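1. here's a sequence, model it:
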Amino acid sequence: MLFSLQEEYALAWLHLSTISIITILIHLSQALSRLSQGADASKARIESACSTLDSIASQLFNAPHVLLVATQSAIQTTKENVHHALSAALTVIKTTLVWFIQLYKSIFRCLLGLPVHTLLSLLTQVAGPIQKATEDIASVLTGSNHFLGNWTQGLQGISDRLDHWVQQEDDWVQQMVSMPLDAIQIKLNQSLGDWEPAPAPVLGKSQTVCDTAALEDAVDRLYAQATSSVWWMMGLLVLCLALSIALQAYSVKRKHQRIQTARDSLLAVLSGADSEKRPAGPELLERYERTVQFPLLFARLQSRCRFLGVMSRPVAIDCLLVGLTGIVLLHAFVYVLESKTRRLSQDFSNQVIAWTNHTTSHWATEAGRQLEEMNDWVHRTEVDLNEHLFDTIKSTALGMNHTLSSVMGEVQEAIGSILGGTLLEQPAQGLVQCLVTNKVENIENGLTWIASHAYIHLTKMDITSFHPSSVVPKLTETMLHHLQVDDGSSSASLRTLLGFYYTLLLFWLLTIVIATGFQIKHRQSQ
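-> Sure, this is the predicted structure:
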């Protein structure tokens, strides 16, 4: 049964080429959908990155403030530790000095008392008989011996004073050492106890620095240009689709005209009375059959060209034309889409770099400025604290040196009062110089060195770690990796469609093999 012309026209669009073009259009529409989803996903990533950046900026803005609070606490702790350490040191020094002085005093008393008592004992034993003889002579001459009794009494007085000095209590040592050190303790309490650092600088707190409007506009422009390329491709395919349907309709019309002409000619020959035209009947019938089978036949095919006959079938021609056209179009579309997306992605990356530099340089510079202010304040506090501490340490050293000098003066005064005017005074002073003075001078030199080298260093922040040149590159790399938009998803679906068109070419090649086999068989049969 032959279809009518209207039925052929109604099915003109149902062709392999139109189906292939519609398939490409469907994949391009999917690419549009993926581009739209990619735009939304990019905006969501931008919002997420912006939130993260705001969080980082908030932490960096708050970092100087947090460090300032920690530094204030550390300074107070340092002051209290120094105060307690110096107070404890004064107590230890006072106790040590008293013990040291008493130790040396005891040793000195023992060492000094032994030779003095020995010498006095010898002098008393020698002077006893001499004194008695002298008194006897004096009594004969003057009748009195009162002045001669001062010999033994003077020696005994020296011995008594020495015993009294050796056995007396050491409260004067405790008082002499405690008075200057207690004064130093009072001054230390007044100097460090009431000391407070200078008023801290007012630092900025959390701020929102991230504005995504520029990046979102860049994403909109990027995807608008990408979708415009896809729409341009879809418009070209729609034009090809209309052209394919028109050509198919024209082919249907031409086929119908040829069939009608061949049919009329065949009927005229079969119904004609002229016998001369009857031999043309088989030829017309063959032409009619070929016209029905091969709509693209424009001339009569000889029987020896069976290869061309097989290859000119509509299915074979459609496989060749649709396969080649589809492959060329898809490669062209993929190239255009990827090159366009790559260029737009590079432009977007440049905009991300510019945006990141502008955004991060602001808060990095601000954080660096705040840290500089904090370091200046720490430096001023350090100088002020050390000035108070220097005064206290110098006062401590001078007071201790004065105490040691007073103790030495007291010992020398005691020796002068006990052995003054006697032969024992000079050896006793030499013994004091040997046992005590050298040690005291070493202690005084040590205290003077401590006073000249003591200094407290407060920790300062490293501002270079907050400089934009060290922060921006790392953050820019992170942002580019996080906001990457050229993922190739828009062209991936088109690449998967290439397999279909390569399959059509494979079918056409199989048709060539089959046609070649029939051609060889036909020639062998002739």
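
2. and V238, what's its pLDDT?
-> We have a pLDDT of 90 for V238.

3. the residue nearest to it when sequence neighbours are not counted: how many residues sit nearby?
-> In space, and not counting its chain neighbours, V238 is closest to L25: 7.3 Å by CB to CB, 6 or more residues apart in numbering. In short, each C-beta sits where N, CA and C put it, glycine included. Applying other CB atoms under 10 Å, we find 16 residues neighbouring L25.

4. what residues are up against L25?
-> Counting by CB atoms under 8 Å, 6 or more residues apart in numbering, L25 makes contact with M234, L237, V238, L241.

5. next one: Q248
-> Applying CB under 8 Å, 6+ apart, we find Q248 in contact with A12, W13, H15, S17, T18.

6. may I ask which two of the residues you listed are separated the most?
-> A12 and S17 (11.2 Å; CB to CB).

7. other SSEs contacting whatever helix or strand F518 lives in?
-> Element membership for F518, per DSSP states H and E: helix 489-525. The elements that helix 489-525 packs onto, with contact taken as 3 or more CB pairs under 8 Å, 6 or more residues apart in numbering; DSSP states H and E, are helix 16-141, helix 306-311, helix 314-419.

8. and R523, how far from V513?
-> Counting by CB to CB, to the nearest Å, the separation of R523 from V513 is 16 Å.

9. these two - which one has more neighbours?
-> Neighbour tally, R523 and V513, criterion other CB under 10 Å: the higher count belongs to R523, 11 against 8.

10. ok, that one to G517 distance?
-> In terms of CB to CB, R523 sits 11 Å off from G517.

11. got the CA coordinates for stretch 369-378 in CSV?
-> C-alpha atoms of stretch 369-378 as CSV (Å, rounded to 0.1, in the frame of the first residue of the first chain):
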residue,chain,number,x,y,z
ARG,A,369,48.6,48.6,62.2
GLN,A,370,46.9,47.4,65.4
LEU,A,371,49.7,45.1,66.2
GLU,A,372,52.2,48.0,65.7
GLU,A,373,50.2,50.1,68.2
MET,A,374,50.2,47.2,70.6
ASN,A,375,54.0,46.6,70.3
ASP,A,376,54.6,50.3,70.9
TRP,A,377,52.5,50.1,74.0
VAL,A,378,54.4,47.0,75.1
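
12. please point out which parts of that stretch sit buried.
-> Neighbour counts using 16 or more other CB atoms under 10 Å place Q370, L371, E373, M374, N375, W377, V378 of stretch 369-378 among the buried residues.

13. ok, the residues you listed vs E80, which is closest?
-> Here the nearest of the buried residues of stretch 369-378 to E80, counting by CB to CB, is V378; it sits at 17.4 Å.

14. hmm, Q72 and that closest one touching each other?
-> No. Using CB atoms under 8 Å, V378 is not in contact with Q72; the gap is 9.7 Å.

15. ok so, going back, which one of the helices and strands packed on helix 489-525 has the poorest average confidence?
-> The minimum mean pLDDT among these belongs to helix 306-311 (a mean of 62).

16. now, the contacts of L25 that are in helices?
-> Applying DSSP state H to the contacts of L25, the entries found in helices are M234, L237, V238, L241.

17. burial measure for the third one, as a count.
-> V238 has 13 neighbours, counted by other CB under 10 Å.

18. same deal with the last one?
-> For L241, the number of neighbouring residues by other CB under 10 Å comes to 18.

19. wait, isn't it in contact with I19?
-> No. The criterion here is CB under 8 Å, and L241 misses it with I19 at 10.0 Å.

20. right, and out of the ones in helices among the contacts of L25, which lies closest to L222?
-> M234 (19.0 Å).

21. tell me how far the closest one lies from S244.
-> In terms of CB to CB, M234 sits 15 Å off from S244.

22. neighbour count: these two, which is higher?
-> Taking neighbours as other CB under 10 Å, M234 and S244 compare with S244 leading, 23 against 17.

23. who touches that one in this structure?
-> The contact partners of S244, by CB under 8 Å, 6+ apart, come to H15, S17, T18, I21.

24. what's around the second one, how many residues?
-> For S17, the tally of surrounding residues (other CB under 10 Å) stands at 20.

25. and the contacts of Q248 as a markdown table, adding distance to T95?
-> Shown next, in a markdown table, are those (distance: CB to CB, whole Å):
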| residue | distance to T95 |
| --- | --- |
| A12 | 118 |
| W13 | 113 |
| H15 | 114 |
| S17 | 111 |
| T18 | 110 |
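
26. tell me the one among these nearest to Y223.
-> Nearest member of the contacts of Q248 to Y223, counting by CB to CB, is T18, at 29.8 Å.

27. was I right to think the closest one contacts C240?
-> No. With contact defined as CB under 8 Å, T18 does not reach C240; the gap is 9.2 Å.

28. quick check: L329 touching I24?
-> Yes. Counting by CB under 8 Å, I24 is a contact partner of L329 at 6.8 Å.

29. between these two, who's got more neighbours?
-> Higher neighbour count among L329 and I24: I24, with 23 against 20, using other CB under 10 Å.

30. distance of that one from V334?
-> 11 Å.

31. pLDDT of the host helix or strand of N189, averaged?
-> Using DSSP H and E, N189 maps to helix 171-193. For helix 171-193, the mean per-residue pLDDT is 65.

32. how about stretch 212-219?
-> What stretch 212-219 shows for mean pLDDT is 74.

33. any low-confidence regions in the stretch 151-300 of the chain?
-> Applying pLDDT under 70 to the stretch 151-300 of the chain flags the ranges 151-181, 183-184, 187-188, 190-211, 262-263, 265-267, 269-300.

34. pLDDT score assigned to L447?
-> pLDDT, read off for L447, is 57.

35. check V485 too.
-> For V485, pLDDT reads 55.

36. start the count at 405, not 1, going forward
-> Taking 405 as the first residue, the last one we looked at is V889.

37. sticking with W417, tell me its helix or strand.
-> Per DSSP H and E, there is no helix or strand for W417.

38. next, the contact list for it, please.
-> Residues counted as contacts of W417 (CB under 8 Å, 6+ apart) are I649, Q652.

39. at 6 Å what do you get?
-> I649 (CB atoms under 6 Å, 6 or more residues apart in numbering).
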